[in-house]
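Undergrad: sequence and computational prediction follow.
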Amino acid sequence: MKPTVAQVALALIAPQVASEKECPASPDHIANIDALIAQTQSATSERDARVIAGQMWQYWTDAPDARAQTLLDRGMARREAWDLLGALEELDALVGYCPDYAEGYNQRAFVNYLRQDYGAALIDLDRAIALSPNHVAALSGRALSLLGLNRLDEARAALTGALELNPWLSERALLAPGGLLDPPGEDI
């Protein structure tokens, strides 16, 4: 029996529809990120470390496909414009589409942090870190969210872990003498 025109059309578009519903695997930038972390650890100035951190962001924000990249870019643009609810909408869509893409969770956490919803931020940061254990920004964001929740010992530990990867993070000032996370009775 000869296929109908509708059957042929459906066979042609079915793979496209399926591919639009499934997010591909995130790009594997682990080796590149690890190399950049090593560079920040041996950097001789904060300025140099910031340039290297900028290179990390290029890898973290490299979304799995064009659809995910569009959602990420729109979410970040809306966040930068302080349209936090609009940013959440875009990033919710990104996380729904690409549940294994760490940066979707990290960016949504940042929006929730800005909204002072530290508990929601922490949930997303924990997921981002589970997906990308050396995500320095997520690790420092976790410390800031814990600080927002007044969980100081946990915040101190989280920030110490982030600083082990990048000792030049600006958040290091929180652990300095007189900083919000300055351990009582200790000099760092």
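TA: Received, thanks.

Undergrad: the residue nearest the centre of the chain: what's it in contact with?
TA: For the chain, the residue nearest the mean C-alpha position is residue 106 (2.8 Å; CA atoms, centre = their mean). With contact set as CB atoms under 8 Å, 6 or more residues apart in numbering, residue 106 has these partners: 60, 124-125, 128, 135, 137-138, 141. No exception for glycine: its C-beta is placed from N, CA and C like everyone else's.

Undergrad: between the residues you listed, which sits nearest residue 117?
TA: Using CB to CB, residue 124 is the member of these that sits closest to residue 117, with 10.1 Å.

Undergrad: do I have it right that the closest one meets residue 108?
TA: Yes - with contact defined as CB atoms under 8 Å, residue 124 and residue 108 form a contacting pair (5.0 Å).

Undergrad: can you list residues touching both of these two?
TA: residue 95.

Undergrad: in the chain, which spans are strands?
TA: Per DSSP state E, the chain carries no strands over any range.

Undergrad: where does it have low pLDDT?
TA: For the chain, the stretches with pLDDT under 70 are 1-20, 184-188.

Undergrad: now residue 143: how far from residue 38?
TA: 21 Å (CB to CB, to the nearest Å).

Undergrad: re earlier: what would the contacts of residue 106 look like in CSV with neighbour count?
TA: What follows is those, written out as CSV (neighbours: other CB atoms under 10 Å):
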residue, neighbour count
60, 23
124, 26
125, 31
128, 26
135, 24
137, 22
138, 28
141, 26
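
Undergrad: and residue 143 and residue 38? which has more neighbours close in?
TA: A count of neighbours by other CB atoms under 10 Å puts residue 143 above the other of residue 143 and residue 38, at 27 against 12.

Undergrad: hmm, that one is touching residue 152, no?
TA: No - between residue 143 and residue 152 no contact is recorded; they are 10.2 Å apart, counting by CB under 8 Å.

Undergrad: mind listing the shared neighbours of these two?
TA: Joint contacts of residue 143 and residue 152 (CB under 8 Å, 6+ apart) are residue 181.

Undergrad: just how off-centre is stretch 81-94 within its chain?
TA: Relative to the centre of its chain, stretch 81-94 is centred 14 Å away, using CA atoms, centre = their mean, to the nearest Å.

Undergrad: CA atoms of it as PDB?
TA: Output of stretch 81-94 as PDB, limited to C-alpha atoms (Å, rounded to 0.1, in the frame of the first residue of the first chain):
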ATOM      1  CA  ALA A  81      17.000  44.700  33.000                       C
ATOM      2  CA  TRP A  82      15.600  43.800  36.500                       C
ATOM      3  CA  ASP A  83      12.600  42.100  34.900                       C
ATOM      4  CA  LEU A  84      13.100  39.300  37.500                       C
ATOM      5  CA  LEU A  85       9.700  37.600  37.000                       C
ATOM      6  CA  GLY A  86      10.300  37.600  33.200                       C
ATOM      7  CA  ALA A  87      13.800  36.200  33.800                       C
ATOM      8  CA  LEU A  88      12.400  33.400  36.000                       C
ATOM      9  CA  GLU A  89       9.900  32.600  33.200                       C
ATOM     10  CA  GLU A  90      12.700  32.200  30.700                       C
ATOM     11  CA  LEU A  91      14.900  30.200  33.000                       C
ATOM     12  CA  ASP A  92      12.100  28.000  34.200                       C
ATOM     13  CA  ALA A  93      11.500  27.100  30.500                       C
ATOM     14  CA  LEU A  94      15.300  26.500  30.100                       C
END
